[in-house]
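**Student:** What would the 3D arrangement of this be:
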Amino acid sequence: MTSDEVIDVTIIHANSFFKRFKGLMGENDFDEAMLFSNLKGSSVHSHFMRFEIDVYFLDENKIVFEKTTLKPWKFHKPKKQAAYILETKKNKLKLKIGDRLEFL
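**Tutor:** Numbers count the residues shown, from 1 in each chain. Predicted coordinates for the structure are as follows:
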């Protein structure tokens, strides 16, 4: 929405406990994006993962307020609670802090 650019990527919505729990653990590769919602906390980890991921933390208006890249077996806690978390393979998306997203 920030730049009116359309990004064509399939989003897997992890909106249940099991989907959030499993996340990307055990995946060999991932060409989509995983969107986490209904969050109780915003901490993320890359345990049991086999590739680096970019993690975008979004507020209730779907604005990116923090981004981190995690190698396998790392942990990150953002500075504030996120309403949404978007995970992708490293460098899949070129989102910046302040970008506003819309999911279709």
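
**Student:** Look up the closest residue to the residue positioned nearest the centre of the chain, ignoring the ones flanking it.
**Tutor:** Nearest residue to the geometric centre of the chain (Cα atoms, centre = their mean): residue 86, 1.9 Å. Among residues not flanking residue 86 along the chain, residue 56 sits closest, at 4.3 Å (Cβ to Cβ, 6 or more residues apart in numbering). C-beta coordinates here come from the backbone N, C-alpha and C atoms, glycine included.

**Student:** isn't that neighbour right next to residue 64, touching?
**Tutor:** Yes - using Cβ atoms under 8 Å, residue 56 is in contact with residue 64, at 5.1 Å.

**Student:** shared neighbours of the two, anything?
**Tutor:** Counting by Cβ atoms under 8 Å, 6 or more residues apart in numbering, the common neighbours of residue 56 and residue 64 are residue 95.

**Student:** Between the two, point out the one with more neighbours.
**Tutor:** For residue 56 versus residue 64, the count of surrounding residues by other Cβ atoms under 10 Å is larger for residue 56: 24 against 21.

**Student:** Relative to the helix or strand containing the more buried one, what are the paired strands and their orientations?
**Tutor:** Following DSSP states H and E, one finds residue 56 within strand 53-58. With DSSP bridges as the test, strand 53-58 is paired with strand 64-70 (antiparallel), strand 84-89 (antiparallel).

**Student:** Can you tell me which of these is most buried?
**Tutor:** Of those, the one with the most neighbours on average (mean count of other Cβ atoms under 10 Å) is strand 84-89, at a mean of 21.

**Student:** Need the residues that contact that strand.
**Tutor:** In contact with strand 84-89 (Cβ under 8 Å, 6+ apart) are residues 9, 23-24, 29-37, 39, 42, 44, 51-58, 62, 93, 95, 101.

**Student:** lowest-pLDDT helix or strand in the protein?
**Tutor:** helix 17-22 (a mean of 69; mean pLDDT, DSSP states H and E).

**Student:** right, and the helix or strand after that one?
**Tutor:** Once the chain leaves helix 17-22, the next helix or strand it forms, by DSSP H and E, is strand 33-36.

**Student:** Give me the sheet partners of that next one and which way each runs.
**Tutor:** According to DSSP bridges, strand 33-36 has these partners: strand 11-14 (parallel), strand 84-89 (antiparallel).
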